[in-house]
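K.L.:
Fold the following for me, if possible:
(chains A and B)
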2 protein chains.
Amino acid sequence: MHISPPLPCDPIKYDFNYGAIDIESFDFNLWRKFTSQALQSSHRELLQYGNPQGELQLREEIAKYLRSSRGVLCSSDQVIITSGTDNSLQLVCELSDTNNKSIAIENPGWDRAKSIFQKNNFKITSIPLDKYGICLKSLKESFSKLVYITPSHQFPSGIVMPIIRRQNLLKWAKNTDSFIIEDDYDSEFRYSGRPIPSLQSLDNDERVIYLGTFSKSLAPSLRISYVVLPKKFLNKYKHNISMYEQPTSRITQKTLQLFMTNGYWERHIRKMRKIYGKKYNTLMKSIVNHLNTNIRIIGGNAGIHVLIEIRNGMCEDTIIQKAEMVGVKIYPTSKYWINHSNFKYPIFLMGFGGLSENLIKEGIELLGNVLNNN
Amino acid sequence: MHISPPLPCDPIKYDFNYGAIDIESFDFNLWRKFTSQALQSSHRELLQYGNPQGELQLREEIAKYLRSSRGVLCSSDQVIITSGTDNSLQLVCELSDTNNKSIAIENPGWDRAKSIFQKNNFKITSIPLDKYGICLKSLKESFSKLVYITPSHQFPSGIVMPIIRRQNLLKWAKNTDSFIIEDDYDSEFRYSGRPIPSLQSLDNDERVIYLGTFSKSLAPSLRISYVVLPKKFLNKYKHNISMYEQPTSRITQKTLQLFMTNGYWERHIRKMRKIYGKKYNTLMKSIVNHLNTNIRIIGGNAGIHVLIEIRNGMCEDTIIQKAEMVGVKIYPTSKYWINHSNFKYPIFLMGFGGLSENLIKEGIELLGNVLNNN
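P.N.:
Sure, this is the predicted structure:
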């Protein structure tokens, strides 16, 4: 007797994975060229242990770039190379006041940040968002002295904090002797309007610890991020420096520095901004055209993800399953909320960096078919 | 009036830095070749986030190598790639029993390990060494359930733990439901006698967490080390895995894997063993020939450092200053001891990996001149 196998679900062809970048546009020839230059025997010394803070020339390039693109005022001495934002946050935890281990975080916010603070035994207060980002009134009431925020493209909501809220946050920090961790994780990508200056650039009182990364803008697998410390933290950092090991390969650091010094970094960012801008527009258009169910788009105009709230009556699990059956993967956001239970409609994270425009179009059309047929 | 500048001290030409490796023998052509292969556009996917545990193929190569060279029995599933031994220890801290955060460490021992356990709020008990390594009687009396040791080349003393002590340690661990962190940091280099099997290879009860690194054997700046977890820890690790980010570049991981898969790793180790063996012999001969002051050599026959105790009546600081005046840098060891004060003579760490045989000879001769002229 011949039994047909059960029909498999479609394999995932349309993965709206948030962390994914556009790998088609990475210039392998160029990266190989600079890696080769870094790997010349005249650079033998790069094989030995390096500066725990990271290579000086790379820190200089980052300081220069941050000044011109984000108004961040710092010297290379304030820049510390890390292997990712989790590593950056770990460093910040170690430099924080050990007598007052408490932190305010955004709700919703990046779950990994919360884990890292928890791991470091911080008391965590979650602060709700209003339409301008973290709610200042709640923050004040929390009596926290340290806050972690993503003001330029709030994760995951996408809210861009207006300048007046930024100024008020800085005032709060100054008046209460508090510090702000500003995670500017995807600030390179903004598709319309004037960019809002980073908090660090508005700060006259050394209240901002600025975090950035090459994970979204270049490639997550290279593992290069950075912290910009206020000058007043440098003594403590230098005092502890023998406790730290630089986690990023010196060869990789040298390669990135050569890429930047030779002007390819700015060129790469301009190119990627165009590519992601087009993908963003394609995603928006596709949602409007194909998701005629009741949809609310949250955030947007920046970064490489948006949120969509789906109001067709289906629950989170059903929507994910239905999408997977047509090869579409979308990501639930409940884990980013503390006390998520009172949500009326499920909200999904749609990363568009890793998909081509065609795949975005097709994926959203397929998603529309299963959601609209309710 | 013409005033001559004060005579400067000689710049450091003979740096017996412990962490330094022989960079002259690194095969840049070969490494460039495999980096180029890793950076082919057919490997585009390597740009995205990878497995937090590290690349599967690299973990397979490491498991294979550990089995053949150190008798370590493990599958690739038990291997976790890290960015250095400090990162490995951080991971072990996070996987340890949170209800009993205490650790026994060797005294003397690696100061950085102590810092990492302290940072993670472990209660630390320091255990003295006897001539076979960590003192089992003191360990038993400490009631610790977790111990960190460097049995194959105790750091810094160089003691190689004999097999009988290893077996007794494993018995202790089994009988008391305890765990042993075995740091096998430079096991590749042993210059005479049969290698002693790793503790992990003698362990029938999953009591050993094995740590290794490419920092001594290949290059510290590549930032690749690893942990081999006992199977019973895997569930906890997998459960927590979403909290971890792999800190090492996937391109670097791929490069190392290609280097290993193509047979160059074993060849490299054989070559380096010869080179370091010669350097070791040169150092020993030079000490005997030129340091006719009362010297005791501690440890040896393995790794890329030895200790020397200098009994010429000078204190640690004086010896370091006198050495520096002739361009020789040697490293004090007091920081590796807890309660160092009752030492009669100063002991110095002499790393020989980074110096040529000629520089070793000259450096020791110069050191002899300043020490013997007392």
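
K.L.:
Any part of stretch A:227-234 near chain B?
P.N.:
No: figure legend: stretch A:227-234 not in contact with chain B (C-beta under 8 Å from any C-beta of the partner chain); closest approach 14.9 Å. No exception for glycine: its C-beta is placed from N, CA and C like everyone else's.

K.L.:
Could you list the buried residues of that stretch?
P.N.:
Neighbour counts using 16 or more other C-beta atoms under 10 Å in any protein chain shown place A:Val227, A:Val228, A:Leu229, A:Pro230, A:Phe233 of stretch A:227-234 among the buried residues.

K.L.:
residues in contact with stretch A:69-78?
P.N.:
For stretch A:69-78, contacts defined as C-beta atoms under 8 Å, 6 or more residues apart in numbering or on different chains pick out A:56, A:59-60, A:62-63, A:66-67, A:184, A:187-188, A:195, A:197-198, A:200-201, A:210, A:212, A:228-231, A:234, A:269.

K.L.:
at 6 Å instead, please
P.N.:
Contacting residues not belonging to stretch A:69-78 are listed as A:Arg59, A:Glu60, A:Ala63, A:Leu66, A:Pro197, A:Ser198, A:Gln200, A:Ser201, A:Tyr210, A:Val228, A:Leu229 [C-beta atoms under 6 Å, 6 or more residues apart in numbering or on different chains].

K.L.:
ok so, going back, which one of the buried residues of stretch A:227-234 is nearest chain B?
P.N.:
Nearest to chain B, judged by C-beta to the nearest C-beta, of those is A:Val227 at 14.9 Å.

K.L.:
bridging residues for that closest one?
P.N.:
Under DSSP bridges, the beta-bridge partners of A:Val227 are A:Ile80, A:Leu211.

K.L.:
tell me which residues of stretch A:160-170 are tucked away?
P.N.:
Residues of stretch A:160-170 classed as buried: A:Val160, A:Met161, A:Arg165, A:Arg166, A:Leu169, A:Leu170 (neighbour count, 16+ other C-beta under 10 Å).

K.L.:
and what of stretch A:268-281?
P.N.:
Neighbour-count burial for stretch A:268-281, counted by 16+ other C-beta under 10 Å, picks out A:His268, A:Ile269, A:Met272, A:Ile275, A:Tyr276, A:Lys279, A:Tyr280.

K.L.:
Any residue of that stretch touching chain B?
P.N.:
No: no part of stretch A:268-281 sits close enough to chain B to count as contact by C-beta under 6 Å from any C-beta of the partner chain; the gap is at least 12.6 Å.

K.L.:
Could you check how many residues crowd around the nearest residue to A:Arg311 once chain neighbours are set aside?
P.N.:
Take A:Arg311 and drop its neighbours on the chain: the residue closest to it by C-beta to C-beta, 6 or more residues apart in numbering or on different chains is A:Asn294, 3.8 Å away. Applying other C-beta atoms under 10 Å in any protein chain shown, we find 12 residues neighbouring A:Asn294.

K.L.:
Then A:Leu202?
P.N.:
16.

K.L.:
Tell me who's in contact with it.
P.N.:
A:Arg166, A:Leu170.

K.L.:
Recalculate using a threshold of 7 Å.
P.N.:
For A:Leu202, the contact set (C-beta atoms under 7 Å, 6 or more residues apart in numbering or on different chains) comprises A:Arg166, A:Gln167, A:Leu170.
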